[in-house]
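K.L.:
what would the 3D arrangement of this be:
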Amino acid sequence: MKTQTKSTKAADIKRSWYLVDVGEKILGRSATEIALLLMGKKKPYFVRHLDCGDYVVVVNAKEVKVTGNKELKKIYYRYSGYPGGLSSRKLEEVRAQKPEEIIIHAVKGMLPQNRLRDRMLKRLFVFAGAEHTYQDKFRNSVW
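P.N.:
Numbering: from 1, shown residues only. A predicted model of the protein is given here:
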C-alpha cells in the first residue's frame, strides 16, 4: 500500500507568536531569522504558494548592530516618482528618527518578491525599545 503526500491547505496552518530581541545582534543575521519565521520555512507543512508563517514581535530595534563602517556609509534611498524626487538618508539618521524602519527594510528584502510579501510583513511588529503591547500573546514561543 502506497502512502500519498497530502497537500497543505489554508485551514491546516497554525500560527504562533515569537519574541525576538535584536539588541546587540547583527542586523543581517537577525533579519534572516525573522524572515524565516515570517515565511514559515521551518514548519513541516511549508509550501511556497501559501502564507505559512508566524507572528514576530521584534524589540530593541534601536540597539541593533551593523558591521564595518555601515553606520556612516549605508544609505537608504526613496524615490517619489517625480523628477528630482530622489531622497536619501544615512543609517545613523534613520536610527535616530525611526529605528524600526531599519529592521523592516532588512526583513522586506529577504522575503520573496511576490504577492505574499505584504501579507507576511503585516505579521511583523517592530518596537524601538524593550516595551511592546503584545505581552498576552506569548505562551511558550519565545525565541
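
K.L.:
my read: A35 touches I104, true?
P.N.:
No - contact status for A35 versus I104: not in contact, 11.3 Å apart, counting by CB atoms under 8 Å. Quick note: C-beta positions are derived from backbone N, CA and C, even for glycine.

K.L.:
comparing the two, which residue is more hemmed in?
P.N.:
Neighbours per residue (other CB atoms under 10 Å) separate A35 from I104, with A35 holding more: 21 against 17.

K.L.:
list the buried residues for the helix or strand containing A106?
P.N.:
Assignment of secondary structure by DSSP states H and E places A106 within helix 100-110. The neighbour-count criterion (16 or more other CB atoms under 10 Å) identifies E100, E101, I102, I103, I104, A106, V107, K108 as the buried residues of helix 100-110.

K.L.:
then stretch 8-16?
P.N.:
Within stretch 8-16, the residues that qualify as buried by neighbour count (16+ other CB under 10 Å) are T8, I13.

K.L.:
contacts for that stretch?
P.N.:
G40, Y45, F46, V47, L50, D51, C52, G53, D54, Y55, R123, S141 (CB atoms under 8 Å, 6 or more residues apart in numbering).

K.L.:
pull the most distant pair out of these.
P.N.:
Spatially, the most separated pair among the contacts of stretch 8-16 is V47 and S141, at 21.6 Å (CB to CB).

K.L.:
quick one: list the elements packing against the helix ranked longest in the chain.
P.N.:
When secondary structure is assigned using DSSP state H, the longest helix within the chain turns out to be helix 27-39. Counting contacts by 3 or more CB pairs under 8 Å, 6 or more residues apart in numbering; DSSP states H and E, helix 27-39 packs against strand 17-21, strand 55-59, helix 100-110, helix 117-121.
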